[in-house]
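> model the following, please.
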Amino acid sequence: MENSIALGVNAQYIQQTEEYNKIDALLAFILYIFVTLGCLLLGKLFVWNNLILTETYIFYTTGAFSLSCIGIAFLFCLFRKQKLATMGFNMDQAKKSLVMGMFLFAVTVVLGGIWAVLTGSTIQTDIKVIAMRIIYFQIFIGFYEELVFRGYIGTRLYGYFSNKQISIVITGIMFSLMHVPFHMTVAQMGFIEYILMHWINLVFLVIFHCGFQWLYSKYNSIIAPTILHFIIDFIQWFIIA
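This next block holds a predicted model:
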């Protein structure tokens with residue numbers, strides 16, 4: 001049991017993940033491949049349609065992709081006859097997860113505001129675009145990535161691998177590399193070239209994964225990591241350097 005304790009997971013999380021086997025791990029990797037290839041295709045769509053790359057186009061294409069990935073995760077869960085609680089929809093500590101999420105939300109907003117003042121940055125002002133981006137970052141980025149990586153892939157691999165710390169690192173690397181196909185395609189760079197130029201950002205993504213994983217497993221809930229994920233991404237867009 002000692003090796004089952006990683007990043008402060010609670011007993012309910014451990015109990016759920018102990019039920020996963022090779023089939024669940026295989027489905028997790030299949031979902032990952034679908035997500036990664038989808039990111040590559042999304043990047044190509046953005047490049048091909050550069051002349052019509054409006055906020056509306058980005059919103060709908062990203063939304064269609066994200067909802068497709070979410071749908072597959074739900075279908076895999078249904079296929080394995082697993083409850084939605086196994087993907088973070090757990091009510092036992094939902095309130096605590098919400099409180100923690102809102103606290104981290106407030107801290108991120110304050111730090112982002114301080115950074116904006118110190119650097120003399122401006123902010124986005126288009127209300128329509130801001131509204132779209134709130135949905136975009138909350139549902140199509142934050143919720144989708146937390147459900148797929150912390151809710152489905154992370155839990156299934158955590159349960160399958162005997163070494164829990166390694167399973168978290170592996171999922172973190174997968175999470176980090178998932179971002180590469182889209183961004184390298186949009187930047188029109190090769191895989192190795194992109195890795196070499198952006199390796200620091202990729203390392204930070206692994207670290208972020210560990211933080212999101214801790215929030216998820218501490219409460220066995222998707223709420224806190226989704227809130228934090230949303231506000232981090234939103235602030236980065238909202239504040240114009």
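> buried stuff in the top helix by length along the chain?
Ranked by number of residues, the top helix in the chain under DSSP state H is helix 191-219. Buried residues in helix 191-219, counted by 16 or more other Cβ atoms under 10 Å: 194, 198, 202, 205-206, 208-219. Backbone N, C-alpha and C define where each C-beta goes, glycine included.
> now the element after that helix, going C-ward?
Downstream of helix 191-219, the next assigned helix or strand under DSSP states H and E is helix 223-238.
> partners of the next helix or strand after that following helix, with directions?
Once the chain leaves helix 223-238, the next helix or strand it forms, by DSSP H and E, is strand 239-240. Sheet pairing of strand 239-240 (DSSP bridges) gives strand 122-123 (antiparallel).
> packing partners of the longest helix of the chain?
Helix 191-219 sits against helix 94-119, helix 154-160, helix 164-178, helix 180-186, helix 223-238, with contacts defined as 3 or more Cβ pairs under 8 Å, 6 or more residues apart in numbering; DSSP states H and E.
> recalculate using a threshold of 6 Å.
Contact here means 3 or more Cβ pairs under 6 Å, 6 or more residues apart in numbering; DSSP states H and E; on that basis helix 191-219 packs against helix 164-178, helix 223-238.
> now do stretch 34-48, average pLDDT.
Averaged across stretch 34-48, the pLDDT comes to 96.
> now it: buried residues?
Residues of stretch 34-48 classed as buried under the neighbour-count rule (16+ other Cβ under 10 Å) are 35, 36, 38, 39, 42, 43, 45, 46.
> quick one: name whatever helix or strand follows the helix or strand harbouring the last one.
Element membership for residue 46, per DSSP H and E: helix 22-48. For helix 22-48, the following helix or strand on the C-terminal side (DSSP H and E) is helix 55-79.
> right, I'll call it a day here.
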